[in-house]
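Enquirer: Okay, structure incoming, though there's no sequence with it:
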C-alpha cells in the first residue's frame, strides 16, 4: 500500500512490543507469558519487514535493471524474519515441553512459585 | 474483459461469488450422491421417498394422461428435507459452555473449507477465476488447511464435555500430522513444475507426456513422482477432512459424536456443511494438481492436430469443447474423487489411533520427503547431464525410495501375528464337552 | 503527512491487531488470550501482504497460526483437563506498575523515534521483492550458513522437546 507512512507500521510494531513487555511483567501464567514473548517477536518481525520495504536509505547491491534481486541490503530484512520464525518455532516446541514437564513434576505452574534455583 | 479490469473491486466480488456459490451449490447434490451410492454399496435401499410425485386420480386440475401417475425422483430432495429438519429443530446451547467460543467455533470450521480453494481456477478464463492468481497459490492452500484445526479444537474445548474435548485433541493431532505429508507431496509437484501457481501447474500438465510422447498430456498422476505424491496427497486429504477411515475425531462408538456432540440444529448443520464443502474443495485441488485441472482428457488436442492434419476438424472441435466446458470437466473429476471418498467409507474400517499416527509420521511423511528428494535429484541430473541420465537417476532414486520405505514402514503391525494361529481355551467349558 | 484512504484502511486493520494484542494480556482465561493472539497473527499476515511480503505473510499463517498457536492451544487444553483453576491468574500488585511502565515505554520510544519516519511514505524496495523466488534465492546464496544453522537448531528443538515430553526413553 502506497501512501502509508513508515511511522504507521512502526507505531503498530511498537505498540505490540510494549503490550508484550507489559504482559510478561504482569501475568503469572507461564503459557501467557510465552504468548507475550511471541507477540514481541512478531512486533520485531513487523518492524523488520516495514524497514525492508521502505528502504529509505539508498539500497546497496540492488540491480533492478536485469530483474535480478539479490544482495543483503534489499533482502536482509526478509531473510531475518525467516530466521526469527524458525527460532520461535524451536523455542515454542522446547518451552511448552518444559512447561508440561514442570506441570507433571509439581502439578502447578504459577511462575512466582518456580523458585527452586533461588540462592 | 477490459470492463472487469476497469472495476477491480467489482471484479473481485464477481470472482469471489463465482467461487463460493458453486461450492455451496455442490454440497446438497454431494450429500444425496453419497447416500445413494453408500446404500447401493451396502445393498440397502437408501433415501428414495422424498420428492416423489403422485398425481391425483380425481382432481380436475390434473390433465387426463397424468391422473394417478407416480414419479419417483430417487430421493433427490432428501438434502433439502434434511436441511429443513435441522433448521426447524430446537437449538440447544448447554448451560456450562464457554459461550462466545461455542458460538464462534462452527463459523471457524466453515471458513477454511471455502477459503481453501481461492487459488484454484475453474477454467482458462483469466480475470474471472481463480479468486486470486497469486504466486503463492499452493502455499495458500496449505496455510488455510492448517486453519481448519481451530473450528474442531475450539468446538471441542468450548462444549465443556470430555468426549468433545478428546475428539478435539485427537483431531488437532491428526490434522497437524497429515498436514506435513500433504505439504511434502505438493512440494514434489511444485519442484517439478517450477511454480507455486495452480494456474501454472495446470498449464504445465498440457505438455507432452514425460516430456517425450507428443499428443498426450503430462498429467502429474501419470508421472512416477506424481503418482507417489498423488497417493500420499489423497490419503492426507481424506485425513484432513476427517472422513472414514480417518474419522477418529467423531468415532461414535468411542466419543459419542466427538467435537460436535453438544451442537444441535443449525450449528450442527454448519459443521456438516463444512465437512462436505471441504471434501469437494479438496477434490478440486487434487484434480487441479494431479489430474490436469480443467482439461477434459489427457490428450493435447493441438499437438495431436499437428501430428494428424486429417483429423484437424475433430481436434479443433475438441479444443473448443475443452475450452468452453472446462468447469464441467473439473467438477466431473471432483465428483469422481468424491466417489472414491464414499467407496473408502463403505469399504475400510476405522483405523486405531496409533495406526493413524504411525501411518502419518512413519509412512507418508518419509515417503513424501524421499519423493521430493528424488524429484530434485532427477531435475538436477537431467539438467546438468542429459534427460536419459536424469531418468536413470530417477529410477535409481525410486529404488532407494522403495528400500527406505520398506525399512521405515510397517505401520506398527507385527506381521508375524498373521502367520501364527492361536488356540483359545474356553475356560468354563469342560474339555470333554468342547 | 496526510490522511490517505490507504492510511485509513491500514488504521482500521492495525487497530484490530492492536486490540487483539491488548486482549492477549487482558483476558484472564488462557484460551481467550490464545485466540486473541491467533487473531493478531492472522491480521499481521495480511499486514505483511500490504508490505509486499507475500511469502512471509503465508509463512506467518503456516508457522504461527497453523502450527505454533495450535501447539499453545493443545497445551492449554491438556492443562485444562488436569487442573482448570490453574490457568487463572491471581490478583497481583505488580499489575499497575507494569501498565505504567508500558505506557512510559511506548511514549518514550514513540516520541523519540516515530517523528523521524513520518516523512517516509514511498517504498524503496522493488515491488516483487517478497516473491518466493527472490526470497529463496537469497536464502540459499547469501544466507545459506544461517539457514543451515537454523535447520540444526530446529533439529535440536525436536530432539529436546521429545526428551522433555517422553517419560521414559
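Expert: Looks like it arrived, so ask away. Predicted model, so just to flag it, every value in this text is computed and none were measured.
Enquirer: does stretch B:348-361 come close to chain C?
Expert: No - counting by Cβ under 8 Å from any Cβ of the partner chain, chain C is not contacted by stretch B:348-361; separation bottoms out at 12.0 Å. C-beta here means a position set from N, CA and C on the backbone, and glycine is covered the same way.
Enquirer: pLDDT of that stretch, averaged?
Expert: In this model, stretch B:348-361 carries a mean pLDDT of 81.
Enquirer: start to end distance for that stretch?
Expert: Terminal residues of stretch B:348-361 are spaced 20 Å apart (Cα to Cα, to the nearest Å).
Enquirer: centroid residue for chain A?
Expert: residue A:41 (1.0 Å; Cα atoms, centre = their mean).
Enquirer: Pretty sure residue A:88 is one of the things that residue touches, is it not?
Expert: Yes - contact criterion Cβ atoms under 8 Å: residue A:41 and residue A:88 qualify, at 5.2 Å.
Enquirer: before we move on, the earlier item: tell me how far the residue nearest to the centre of chain A lies from residue C:93.
Expert: From residue A:41 across to residue C:93, the span is 28 Å (Cβ to Cβ, to the nearest Å).
Enquirer: Ok, residue A:39 next?
Expert: Distance from residue A:39 to residue C:93, by Cβ to Cβ: 23 Å.
Enquirer: which of those two has more neighbours?
Expert: Between residue A:39 and residue C:93, counted using other Cβ atoms under 10 Å in any protein chain shown, the more crowded position is residue A:39 (27 against 8).
Enquirer: so where do the helices sit in chain C?
Expert: C:5-26, C:30-50, C:54-59, C:69-82, C:94-113, C:132-140, C:144-165 (DSSP state H).
Enquirer: so which of these gets nearest residue A:53?
Expert: helix C:30-50 (9.2 Å; Cβ to Cβ).
Enquirer: looking just at contacts, which helices and strands does the closest one meet?
Expert: helix A:6-26, helix A:30-54, helix B:99-115, helix B:137-158, helix C:5-26, helix C:54-59, helix C:69-82 (3 or more Cβ pairs under 8 Å, 6 or more residues apart in numbering or on different chains; DSSP states H and E).
Enquirer: redo that, cut-off 6 Å
Expert: Under the contact criterion of 3 or more Cβ pairs under 6 Å, 6 or more residues apart in numbering or on different chains; DSSP states H and E, helix C:30-50 touches helix A:30-54, helix C:5-26, helix C:54-59, helix C:69-82.
Enquirer: Lowest average pLDDT across those?
Expert: helix C:69-82 (a mean of 79).
Enquirer: Please work out which of the helices of chain C is packed deepest.
Expert: helix C:54-59 (a mean of 24; mean count of other Cβ atoms under 10 Å in any protein chain shown).
Enquirer: How about that one and chain B, any contact?
Expert: Yes - on the criterion Cβ under 6 Å from any Cβ of the partner chain, helix C:54-59 is in touch with chain B at C:54, C:58.
Enquirer: mind checking pLDDT for the closest residue to residue C:62 other than its chain neighbours?
Expert: Of all residues not flanking residue C:62 in the chain, residue B:143 sits nearest, at 4.8 Å (Cβ to Cβ, 6 or more residues apart in numbering or on different chains). At residue B:143, the model reports a pLDDT of 88.
Enquirer: Next, the angle helix C:144-165 makes with the worst-scoring helix or strand of chain C on mean pLDDT.
Expert: Least confident helix or strand, chain C: helix C:69-82 with a mean of 79, by mean pLDDT, DSSP states H and E. Counting by axes from the mean of the first three to the mean of the last three Cα atoms, to 10 degrees, helix C:69-82 lies at 10 degrees to helix C:144-165.
Enquirer: So what does residue B:130 look like in phi/psi?
Expert: phi -80, psi 180 (degrees, to the nearest 10).
Enquirer: With adjacent residues omitted, what lies nearest to it?
Expert: residue B:121 (4.5 Å).
Enquirer: show me where the stretch 201-350 of chain B has strands.
Expert: Counting by DSSP state E, counting those that start in this stretch, the stretch 201-350 of chain B has strands at residues B:208-209, B:213-217.
Enquirer: what's the closest of these to chain A?
Expert: strand B:208-209 (29.1 Å; Cβ to the nearest Cβ).
Enquirer: Determine how far the closest one lies from the middle of the whole chain.
Expert: Distance of strand B:208-209 from its chain centroid, counting by Cα atoms, centre = their mean, to the nearest Å, is 26 Å.
Enquirer: Can you list the neighbours in contact with it?
Expert: For strand B:208-209, contacts defined as Cβ atoms under 6 Å, 6 or more residues apart in numbering or on different chains pick out B:214, B:216, B:218.
Enquirer: What is the burial count for the closest residue to chain C within the stretch 51-200 of chain B?
Expert: Residue nearest to chain C within the stretch 51-200 of chain B: residue B:146 (2.9 Å; Cβ to the nearest Cβ). Residue B:146 has 24 neighbouring residues, counting by other Cβ under 10 Å.
Enquirer: Get me the contact residues on chain C for chain B.
Expert: Residues of chain C lying near chain B (Cβ under 6 Å from any Cβ): C:54, C:58, C:61-62, C:66, C:70, C:73-74, C:77, C:131-132.
Enquirer: quick one: low-confidence parts of the chain?
Expert: No chain was given, so I picked chain A. Residues of chain A meeting the criterion pLDDT under 70: A:1-2, A:56-73, A:109, A:119.
Enquirer: Switch to chain B, please.
Expert: B:1-2, B:4, B:211, B:249, B:251-253, B:404-434.
Enquirer: ok, now chain C?
Expert: Using pLDDT under 70, chain C drops low at C:1, C:81-92, C:167-169.
Enquirer: okay, which residue is most central for it?
Expert: Nearest to chain C centroid, counting by Cα atoms, centre = their mean: residue C:41, 5.3 Å.
Enquirer: Is it correct that it is in contact with residue C:65?
Expert: Yes - counting by Cβ atoms under 6 Å, residue C:65 is a contact partner of residue C:41 at 5.0 Å.
Enquirer: Show me which helix runs longest in chain A.
Expert: Max-length helix for chain A by DSSP H is helix A:72-106.
Enquirer: From start to finish, how long is stretch B:88-104 in a straight line?
Expert: End-to-end for stretch B:88-104, by Cα to Cα: 21 Å.
Enquirer: And that stretch, what's buried?
Expert: Buried residues in stretch B:88-104, counted by 16 or more other Cβ atoms under 10 Å in any protein chain shown: B:97-98, B:101-102, B:104.
Enquirer: Dump the strands of the stretch 201-350 of chain B into TSV; add distance to residue B:335 and mean neighbour count as well.
Expert: As requested, those are arranged in TSV below (distance: least, Cβ to Cβ, whole Å; neighbours: other Cβ atoms under 10 Å in any protein chain shown):
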stretch	distance to residue B:335	mean neighbour count
strand B:208-209	25	16
strand B:213-217	21	16
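Enquirer: Looking at those strands, which is nearest to residue B:138?
Expert: strand B:213-217 (20.0 Å).
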